[in-house]
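Asks: no sequence on this one, just coordinates:
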């Protein structure tokens, strides 16, 4: 463990199964130490008044990820150089872009992290937030020529990919090729169902 003197003080942990005795770090046991990160009875607690940094001395394999969520950004602090433009936002924009990317590219490796099983198996709140946000960003009184499933699906995937890249204006222009908002909703719901093998409750109007 070490302390970093940022504008907003941070505590940094290196997580490793290697011998770090020759490095200028202090060993830390979260079950015994009275520091900013603690584990009591299997439950983790942390000091949210400061920035927490975790350095993994290994590859981060997404296959082992258990859950994805989208949380509120700090009101004043951002770790991204120059800021990310998301200060104080609740994570809904990020959810929309991530779900748009997964759906547009048909990437299913993270499906399990966006599905809950208790009390029943269904899409997580995080997934539903992202799906609804993507729909809301693309539905703008549509009235384009595309009406067949194939044509609508092609326009929808292209618009979702643009949305994922942060090109919202271009995404909306592409979505305008679709005949109606209702058709967009129905084809997006079908895309979600094929992708996750679960129906979205967010798209049931």
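Replies: Yep, it's here. All values reported here derive from a predicted model rather than from experimental measurement.

Asks: what's the distance between the residue lying closest to residue 121 once chain neighbours are set aside and residue 151?
Replies: Using CB to CB, 6 or more residues apart in numbering and skipping the chain neighbours, the partner closest in space to residue 121 is residue 115 (6.6 Å). Yep, even glycine has a C-beta here, placed from its N, CA and C like the rest. Distance of residue 115 to residue 151, given as CB to CB, to the nearest Å: 30 Å.

Asks: Show me the strands in this protein, by range?
Replies: 2-4, 10-15, 37-40, 43-46, 51-56, 115-116, 122-123 (DSSP state E).

Asks: Go ahead and measure how far the third one is from the middle of the chain.
Replies: Right, strand 37-40. 26 Å (CA atoms, centre = their mean, to the nearest Å).

Asks: tell me the pLDDT at residue 140?
Replies: Here, the pLDDT recorded for residue 140 equals 88.

Asks: which residues touch it?
Replies: With contact set as CB atoms under 8 Å, 6 or more residues apart in numbering, residue 140 has these partners: 172, 175-176, 181.

Asks: Residue 107 reaches residue 100, doesn't it?
Replies: No - using CB atoms under 8 Å, residue 107 makes no contact with residue 100, being 11.2 Å away.

Asks: When these two are compared, which one has more neighbours?
Replies: residue 100 (26 against 11; other CB atoms under 10 Å).

Asks: Could you pull up the residues touching that one?
Replies: Residue 100 neighbours (CB under 8 Å, 6+ apart): 130, 134, 160-161, 163-164.

Asks: what stretches of this structure score poorly on pLDDT?
Replies: Along the chain, segments meeting pLDDT under 70 span 1-8, 205.

Asks: Locate the residue of it with the greatest distance from its centre.
Replies: Going by CA atoms, centre = their mean, the residue of the chain most distant from its centre is residue 22, 37.1 Å out.

Asks: Wait, residue 75 touches residue 88, no?
Replies: Yes - at 4.6 Å, residue 75 counts as touching residue 88 under the criterion of CB under 8 Å.

Asks: re earlier: most neighbours of all the contacts of residue 140, which one?
Replies: Busiest of the contacts of residue 140 [other CB under 10 Å] is residue 175, holding 26 neighbours.

Asks: dump the residue contacts of that one.
Replies: 138-140, 142, 155-156, 159, 184.

Asks: Would you mind finding the most buried of the strands of the chain?
Replies: strand 122-123 (a mean of 20; mean count of other CB atoms under 10 Å).
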